[in-house]
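Undergrad: Return a 3D structure for these sequence lines:
(2 chains)
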Amino acid sequence: MTTASASASGPVPGHGGRGASGPATVTATDLSLRFGGTRALDGVSLRLSHGVTGLLGPNGAGKTTLLRVLATAVPPDGGRFTALGHDPGTPSGRLALRRTLGYLPQNPGFHPDFTAFDFVDYVAILKELTDRTARLGEVRRVLEAVDLSEVRGKRLKRLSGGMRQRVALAAALVGDPGFLVLDEPTVGLDPEQRMRFRELIAQAGEGRTVLLSTHQTEDVAMLCHRVVVLARGRVRFEGAPAELTARAAGRVWSSAERDPNALAGWRTGMGAFRNVGDPPKGADLVEPTLEDGYLLVLDGDDAAVGA
Amino acid sequence: MSTATSTITEPTPALAEPPRERHRARAVLALARFEARELLLQVPVLLTFALYLGYVALRLMGRDGMDDYPVLNTVDRQTQTEPLLFAVAVFICCNAAALRSRKSNTVRQFDVLAMEPWRRILAHVLSVIPYAALTALVVAGEFGLEALKPGAIGHGSVGELAVGPLTVLLAGVMGVLLATLLPSSFVPILATIPLYLLFVVASAAEDEGSRQGWLSPVLFVARSGGDPVPSDLLGRPAGWHAVYAAGVCAVLVCVALLRSGGRTRAVKAAAVLGLAVTAAGAAGQLSCDTKGLEAARRTAFDTPQKVQSCARHGRSTYCSFDEWSGVRSDWAEVVDRVQSAAGGTAAQAGLTVRQRIYIGDQVEVDGALDPSTTPGEVTVGTRWGGNRVPEFAVGAATVLVGGSEDMTTQETCDDARPVTVMWLVLSTDPTPMATFRNMRLGDSVSGPDEVLAPTNGLSLTGPQTTVIRELLERPRAVMTARVKAHWAQLTSASTTTAQAAALLGVKAPEEAVKCEE
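TA: Okay, here's the model as predicted:
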C-alpha cells in the first residue's frame, strides 16, 4: 500500500510552519546523480529557507548523497542548485559557496593528535579566515558555543565521542556559515548528548539555513520548521512537520492484535498494537505522530515495521 | 556532560568579502605556519634535530690541535651530510602530514572547504622552509664559528653550504610529493633506504670522476682522508649544483601541485621555470673544463712554485698557495724555534719552506709526498695544527741537519743524525716527551719506531730512541750547548749513535742494532 501523496517529480509546496522564515536561500531543481546503475538522486527539487529543515528517509534513500551534492562535495549529473545566491556549477560560485558553507558529514573524521582548539583552528584556516586575531577569536567563540572551552587544549583522542561530535559541529560552525549541512549529527550520542546537540542545532538555525539529515523523527519534531522526506532518490514530501503529522490523521489505530492490513504495526509498551495505514471501520483511532506521517509517506516496502 | 546553554553570538563575518588571490595566498601561508608548528611537535623531527645540533656542537668543541686551523673548503662540505638524518625525519613527517587527512578520514569534511587540495599541498611544502632555514642557520653557525677561528684557512663556497639546507628542503618536498603519488604511510619508510642507496651510488659515481654523479641532488662526500687542496683545484661545480638542486625542488613541488589539481597558469609557469633552472644547473655542473682543471692540478703537484706566492720571515722564505698565506707566520715560528737549537752554519741558514700537495688520479686522496731533493727546501702540507706542527718541525730539522729532505731516504740506522734531528725538534718543545710519543706511529717513547714528517718519516732505532730520551732528561741549556759545540760531528753520516752519545755525555746504549742492508 502506498500512502505517499507528494509528487515524486517535485516538491510539495510548503505551507509554512514553526520558525518558517523568509524567502528561499537554497533552491535545487531536478537534481540527479547516478552511481553506476544506481540512481542515488532522481530529479530532486527543493527549496530551503532560514531555519532548520529536517531531511528524513530510510537507509539508501539518498539523504547523504543529497547533502554531499548540496555541500559541493560531488557535482550532480543533472539539474542545478543555488545556495545563498551562489551557483556551485561555476568555479567562482563553488568557491563563494564553500566560503559560507558549514558541513558536518556522517561519522566525521578527526585528527587524533590535534587538540580541539587546533582542529577547529585548522578548519578555520582551510575556510580561509586569514586575520589571525579574528580567526583565533572565532575559534574560541565556536568552542564556547558548543560548550567545549574547558577542554579546548585536550587532544581529540582523549575526548569522548559526544565531545568529538561537538568539536566537529564547532568546526562546521566556524566562520559563521550561512548554510549549514548536518548529516546525522546525533547518531551514536546518548540521550543527554542528543538533547545538548538539539539545543546547539536550534541555536545554529537562528539566522542561518540548516539542513539536518536524521533518522530521528523526534529531532525533526523538536527542531525543524520544515521537513523533506526522501525515498529512492526522490522527494516524497516537503512541508511543515505538522503537515507531515497531519497526513496520518485518522490513519493510526490501536488494536489488540496486529492488523494484517496495516502498512506498519507494532506492539507498544502498553501491550496493545499500534497500526498505521488504512483503518478498518470502527477502529480505535489514536493521535498520530510525525513518525506515523513519515511512515505513511514512504512506500510500503520502506515503511514496513515488523510486529 | 554539561547542559549549560551557551549562545552562538557575534560571529566573525570573515567570509563576507570576495576572495582575492592575495587573501588566498595569506590563507596558504597561515596553513603553512600551522603545519610547520605541527612538524616541530613530531618526535622524529625533534630528536633528529637535537642529534644534528649535538653532533655539530661536539664537532665544534673538538680539542684536536688541527681543529684550530680548519680548512674552510673542507669545512663547507662537512656541513652537507650532517643534517641527513634530520632530512629523513622531515621526509617521513612531511609525508605523514600530507596524508593526515586521508588517514584520519577528514577528506570529506575538508574537500568542501574553500582551500583546494593543491593549496594545502603548497602549504605542506612551504612548511618545510623553516626547517631548511633552520638547517641553514646551523650550517651558517657551524661554518661561521670555524671561519672566525684565528687559524682558519682559505674560504668556503656558498654553493657547498647551500647543499645541507637544500637536502632538507628536498626531503620535505619529496615526502609531500610521495603522498600525492603513493598515498600510504608505509611508502616513505620503504622508500628511505632505496633513495639513500640511489644517492650513495650516484655520489660514488661523482667520487670516481664521473660528472654524472652530480645529477644526484644529494651528494655524499667521500672522506678519503687525504689532505685538502686549494679551492680552485677541487673542480666542484658547487654553485651550479645548488642551482640544480633548487631547480629539482621546484620541479618536484610543481609536480605535486599539478597532481593535486593545481593546474593553474602560475603553477605551469613555475614548472617550466623550474625545469629551465634544473637544466641550467645540470648543464653548468657537467660543462666543467676538465682539461684545464687537470692541467692546473698537474702544475700544483709538479711545479707548485709556478702558482704560489712567497714571503720572507727572518732568514727563510715561505711559499704557499694563496689560501694558506695566513699560516706562513706559524711555519716561521716553528722554523725559528728549531733553528735556535741548531749549531754551525745551520743556525744561520736560510730555508725555503714550500707548500706541496699530493694529487693522484683525484684530489684529496691519501698519498705520500716524496722528499724534496732541493737543498734547503722544507715541505709543508695543507693541514696545520696538532701533530702537523712537530711533524713539520721534523722536516725543518731534517733539512737543517742533512741539508735536504733527501736525508730520510738514506740509511740512518746507526747514525747520529736522527738523534740530532729529534733533539732540535724536542729540545725546543714545551712538552717534549708528550710530543715525542704523539709523533711516533707506535705512540711509545722506547724501542724502534717511525716518526712522522710531511714527506718520508724518520726511522728511529731503539738505541737512537734511548739516546734521545736520555738527552731530554738532562738540563736543556747544557745539552743545547753541547749539541751546538759538536754540531759538525752530530750532523755527519759517519758519526754513530754511540759516538753521538759519548760526545753529548750521555750513556751509550748497550743494545745491539742490526741494520738492514
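
Undergrad: State the three-state secondary structure for whichever residue of the stretch 151-300 of chain A sits closest to chain B.
TA: Closest to chain B within the stretch 151-300 of chain A is A:Asp176: 3.3 Å, counting by CB to the nearest CB. All C-beta spots, glycine's among them, are computed from the backbone N, C-alpha and C. State at A:Asp176, reduced to three classes by DSSP: H, G, I helix; E, B strand; the rest coil: coil.

Undergrad: where's the residue nearest to B:Arg417 when sequence neighbours are not counted, which helix or strand?
TA: Distance criterion CB to CB, 6 or more residues apart in numbering or on different chains; nearest residue to B:Arg417, sequence neighbours excluded, is B:Val401 at 5.2 Å. Using DSSP states H and E, the element containing B:Val401 is helix B:388-402.

Undergrad: packing partners for that helix?
TA: helix B:328-340, strand B:377-380, helix B:417-427, helix B:432-439 (3 or more CB pairs under 8 Å, 6 or more residues apart in numbering or on different chains; DSSP states H and E).

Undergrad: now the angle from it to helix B:432-439?
TA: 100 degrees (axes from the mean of the first three to the mean of the last three CA atoms, to 10 degrees).

Undergrad: what's the angle between helix B:388-402 and helix B:417-427?
TA: Orientation check (the same axes, to 10 degrees): helix B:388-402 against helix B:417-427 gives 140 degrees.

Undergrad: OK, now which residue of the stretch 351-500 of chain B is nearest to chain A?
TA: B:Glu364 (46.8 Å).

Undergrad: Let's have the helices and strands packed on helix B:388-402 in CSV, adding mean pLDDT.
TA: As requested, the helices and strands packed on helix B:388-402 are exported to CSV (pLDDT from 0 to 100):
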stretch, mean pLDDT
helix B:328-340, 96
strand B:377-380, 96
helix B:417-427, 95
helix B:432-439, 93
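
Undergrad: Pick the most deeply packed of those.
TA: Ranked by mean neighbour count, the helices and strands packed on helix B:388-402 are led by helix B:417-427 with a mean of 28 (mean count of other CB atoms under 10 Å in any protein chain shown).

Undergrad: how about the CA coordinates for it, as PDB?
TA: C-alpha atoms of helix B:417-427 as PDB (Å, rounded to 0.1, in the frame of the first residue of the first chain):
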ATOM      1  CA  ARG B 417     121.700  12.500  12.600                       C
ATOM      2  CA  PRO B 418     118.300  11.200  13.500                       C
ATOM      3  CA  VAL B 419     119.200  11.900  17.200                       C
ATOM      4  CA  THR B 420     120.200  15.400  16.300                       C
ATOM      5  CA  VAL B 421     117.100  16.000  14.200                       C
ATOM      6  CA  MET B 422     114.900  14.900  17.100                       C
ATOM      7  CA  TRP B 423     116.900  17.000  19.600                       C
ATOM      8  CA  LEU B 424     116.200  20.100  17.500                       C
ATOM      9  CA  VAL B 425     112.500  19.300  17.400                       C
ATOM     10  CA  LEU B 426     112.000  18.300  21.000                       C
ATOM     11  CA  SER B 427     114.500  20.400  22.900                       C
END
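
Undergrad: Show me what that helix packs onto, helices and strands only.
TA: helix B:388-402, helix B:432-439, strand B:458-460, helix B:462-473, helix B:476-485, helix B:487-490, helix B:497-504.

Undergrad: List of residues touching it?
TA: Helix B:417-427 is contacted by residues B:338, B:341-342, B:390, B:393-394, B:397-398, B:400-402, B:407, B:412, B:432, B:435-436, B:439, B:451, B:458-460, B:464, B:467-468, B:471-472, B:476, B:479-480, B:483, B:490-493, B:495, B:497, B:500 when judged by CB atoms under 8 Å, 6 or more residues apart in numbering or on different chains.

Undergrad: same check, this time on stretch B:133-151
TA: B:49, B:52-53, B:56, B:59-60, B:68-70, B:72, B:75-76, B:79, B:82-83, B:86, B:152, B:155-156, B:161-162, B:164-165, B:167-168, B:326-327, B:330, B:384-385.

Undergrad: Now the buried members of these.
TA: B:49, B:52-53, B:56, B:69-70, B:72, B:75-76, B:79, B:82-83, B:86, B:152, B:156, B:161-162, B:164-165, B:167-168, B:326-327, B:330, B:384-385 (16 or more other CB atoms under 10 Å in any protein chain shown).

Undergrad: All the strands of the stretch 1-150 of chain A, in order from the start?
TA: Here the stretch 1-150 of chain A has its strands, by DSSP state E, counting those that start in this stretch, at A:21-35, A:38-56, A:78-83, A:101-104.

Undergrad: Redo the ones you listed as TSV? Include mean pLDDT and mean neighbour count.
TA: Compiled in TSV, the strands of the stretch 1-150 of chain A are given as follows (pLDDT from 0 to 100; neighbours: other CB atoms under 10 Å in any protein chain shown):
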stretch	mean pLDDT	mean neighbour count
strand A:21-35	89	16
strand A:38-56	94	23
strand A:78-83	94	18
strand A:101-104	94	26
